[in-house]
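# build the 3D model from these lines:
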Amino acid sequence: MLEALRKVASNYLFRRVVKALITVFVMASLTFFLVRLMPGGPVEAYIANLVSQYNVSHQNAKAQAASLFSLDLNAPVYQQYLEYLGNLM
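Numbering: from 1, shown residues only. Presented below is the predicted three-dimensional model:
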């Protein structure tokens with residue numbers, strides 16, 4: 001009886017951990033793609049702010065934003081996504 005109860009409890013805990021991991025993965029993925037689907041995106045807004053407010057050239061502002069946010073803005077989205085997931089781990 002005690003062994004059966006222990007098995008049920010461990011099975012329940014395993015299912016909860018798997019569900020939690022799936023939830024974290026889905027929310028992280030949604031966050032990544034929704035931010036990139038925004039018109040202009042936050043990085044482009046930051047670049048525009050640098051250009052207009054500090055009179056920095058667009059190329060220099062883009063380089064500064066890439067180094068600040070540790071992004072490769074020229075990389076394909078799937079590569080950025082894999083790097084994002086790797087950084088989350």
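# give me the element T23 is part of.
For T23, the enclosing helix or strand under DSSP states H and E is helix 2-37.
# counting contacts, what elements does that helix pack onto?
Counting contacts by 3 or more C-beta pairs under 8 Å, 6 or more residues apart in numbering; DSSP states H and E, helix 2-37 packs against helix 77-88. Just so you know, the C-beta spots here come from the backbone N, C-alpha and C atoms, and that holds for glycine as well.
# now do the helix it packs on against helix 2-37, angle only.
Here helix 77-88 runs at an angle of 130 degrees relative to helix 2-37 (axes from the mean of the first three to the mean of the last three C-alpha atoms, to 10 degrees).
# mind checking how far helix 77-88 is from the chain centre?
Average the C-alpha atoms of helix 77-88, do the same for its chain, and the two points are 7 Å apart (C-alpha atoms, centre = their mean, to the nearest Å).
# list the helices and strands it packs on?
With contacts defined as 3+ C-beta pairs under 8 Å, 6+ apart, the packing partners of helix 77-88 are helix 2-37.
# mind listing what's buried along the helix or strand just after the helix holding T23?
Tracing the chain C-terminally past helix 2-37 and defining elements by DSSP H and E, one meets helix 41-54 next. Within helix 41-54, the residues that qualify as buried by neighbour count (16 or more other C-beta atoms under 10 Å) are V43, Y46, I47, L50, V51.
# domain-wise, how is the protein divided?
1-37, 39-89 (automatic domain parsing).
# so which of these is the most surrounded?
Relative to the other members of the domains of the chain, domain 39-89 carries the highest mean neighbour count by mean count of other C-beta atoms under 10 Å, namely a mean of 12.
# quick one: end-to-end distance for it.
Domain 39-89 has an end-to-end distance of 28 Å (C-alpha to C-alpha, to the nearest Å).
# what does the average pLDDT come to for that domain?
The average pLDDT for domain 39-89 rounds to 87.
# report the distance from it to the chain centre.
With C-alpha atoms, centre = their mean as the basis, the distance from the averaged C-alpha position of domain 39-89 to the chain average is 13 Å.
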